[in-house]
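# prediction below, plus the sequence it came from.
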Amino acid sequence: MPALSAAMPTVSPAAARRPAIIPGAASGSSPIRSRCIDDMPTPSMQRLRMVEIPLAAPVMIAGIRAATVLTVGIATLCTYIGAGGLGDFIQRGLSRTDPRLTLLGAVPAAIMAVVLSLGIRLIEKLCRRA
């Protein structure tokens, strides 16, 4: 196992959320659905806009929702690379064994993740109705 060093690469929150979005988009726009609607006598852009995107939207939005919650969690770890944020409070509380300081960072991060998740879920429901 290699030792930790300053030369080890870091991962940005934006790069870390890609794995959650890509499988959702791929499964939402599966080729099986595309083959089923290939026989429709419509132009490809119209078919994409009226059939394929509405069928794939719930799965893609669910992937974005999962990636958003994951990013909020990862953002608290960015304090260890000097980026600051709510992770500073968590790290200081853990190092000083102070639960109040730890909760000062953890509770707002958890609330932010829940609020963003509920907001995206609301957008998902609105997209299904439309």
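Perfect, I can see it now. Residues are numbered from 1 along each chain as shown.

# may I ask you to name the longest helix in the chain?
helix 99-129 (DSSP state H).

# now do the buried residues in it.
Leu101, Thr102, Leu104, Gly105, Ala106, Ala109, Met112, Ala113, Ile120, Glu124 (16 or more other C-beta atoms under 10 Å). From N, CA and C alone the C-beta is placed, and that goes for glycine too.

# just give me the closest of these to Asp88.
Gly105 (6.8 Å; C-beta to C-beta).

# for that closest one, list the residues it contacts.
Thr76, Leu86, Gly87, Asp88, Phe89, Ile90, Gln91, Gly93 (C-beta atoms under 8 Å, 6 or more residues apart in numbering).

# between those residues, which sits nearest Arg49?
Thr76 (38.8 Å).

# could you find the closest non-adjacent residue to the closest one?
Gly87 (4.0 Å; C-beta to C-beta, 6 or more residues apart in numbering).

# give me the pLDDT for the one you found.
At Gly87, the model reports a pLDDT of 91.

# neighbours around it, how many?
Here the number of neighbours of Gly87 (other C-beta atoms under 10 Å) works out to 20.

# test my guess that it contacts Thr79.
Yes. Using C-beta atoms under 8 Å, Gly87 makes contact with Thr79 at a distance of 3.2 Å.

# thinking again about what came up before, residues in contact with the residue nearest to Thr76?
Ala75, Thr76, Leu77, Cys78, Thr79, Tyr80, Gly105, Ala109.

# gap between the fourth one and Pro58?
Look at Cys78 and Pro58: by C-beta to C-beta, to the nearest Å, they are 31 Å apart.

# neighbour count for these two, which is higher?
Ranked by neighbour count (other C-beta under 10 Å), Cys78 and Pro58 place Cys78 first, with 18 against 15.
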